[in-house]
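[1] What would the 3D arrangement of this be:
(one chain, ligands or ions: 1)
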Amino acid sequence: MGIEAVNSRIADIQSRIIALQTQQVAATKAKTAATSATSAPGGSFATVLADAMDTQSSAGTAKSSSLNKSYSLNSKGIPTELVGYGNGKIPANALEKVGTTNHKLWAPAAESLTRMISDAKAQGVTIGITDSYRSYTEQVDVARRKGLYSQGGLAAKPGTSEHGWGMATDLDLNNKAQAWMRANGEKYGFVENTPREPWHWAYKPKSV
Ligand SMILES: [Zn+2]
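    Numbering: from 1, shown residues only. A predicted model of the protein is given here:
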């Protein structure tokens, strides 16, 4: 794990702790406000109300900052938030499901693929998913079954696959869908980058 990855991981953890602490403080404040409202009916209602409103706005801030999570790629096109885990070693909860399927990718890739499949469907084009994130163990298995790409097979060297970063998907495409992908895939950040594998689409967005 590189020092940059460690630092970014630490920063991520710290921001989560701060968000949690903010939520806890807000919850305590809300409780206090509720108690004083009932125990002191003659007390300053305005104060209690102001307190409760303040509580709500700080809770709201904590929530929206976690929703507005920022994403970035390193110089090799690997998500900075995932690089520390290692290829094929990413925990399930660090990835996001593609639509209602059980396929998982890096969150922005999952969201873009979901949108792409839905847009294609609206245009009468069916895109299926054969594969997505692939763990290291699964990469070893694929290499054993399909042979290494460098030796004429169809598998990346285990630990180097784009699938191991949740950054590629294998699609089930008929001729119409293949043509649609070649015309539209790039708009969604998906590029056909592996000769002999027209089903393999890597996520290489111009920006995230
Ligand atoms: Zn693939």
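[2] Taking the chain, what residue is nearest to the ion?
    Per CB to the ion, the residue of the chain with the smallest distance to the ion is H200, at 3.5 Å. Where you see a C-beta, it was placed from the backbone N, CA and C, and this is true even at glycine.
[3] near the ion, which residues of this protein?
    By CB under 5 Å from the ion, the residues of the chain that approach the ion are D170, H200.
[4] if you set the cut-off to 8 Å instead, what comes out?
    Within the chain, the residues that sit near the ion (CB under 8 Å from the ion) are 131, 134, 161-163, 168-170, 194, 197, 199-201.
[5] and those residues as TSV, adding pLDDT and secondary structure?
    Formatted as TSV, the residues of the chain next to the ion follow (pLDDT from 0 to 100; DSSP: H, G, I helix; E, B strand; the rest coil):
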residue	pLDDT	secondary structure
D131	98	strand
R134	98	coil
S161	98	coil
E162	98	helix
H163	98	helix
A168	98	strand
T169	98	strand
D170	98	strand
T194	97	coil
E197	97	coil
W199	98	coil
H200	98	strand
W201	98	strand
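[6] Need the buried ones from those residues selected in PyMOL.
    Buried members of those, defined by 16 or more other CB atoms under 10 Å, are picked up in PyMOL with:
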select buried, resi 131+134+161+162+163+168+169+170+194+199+200+201
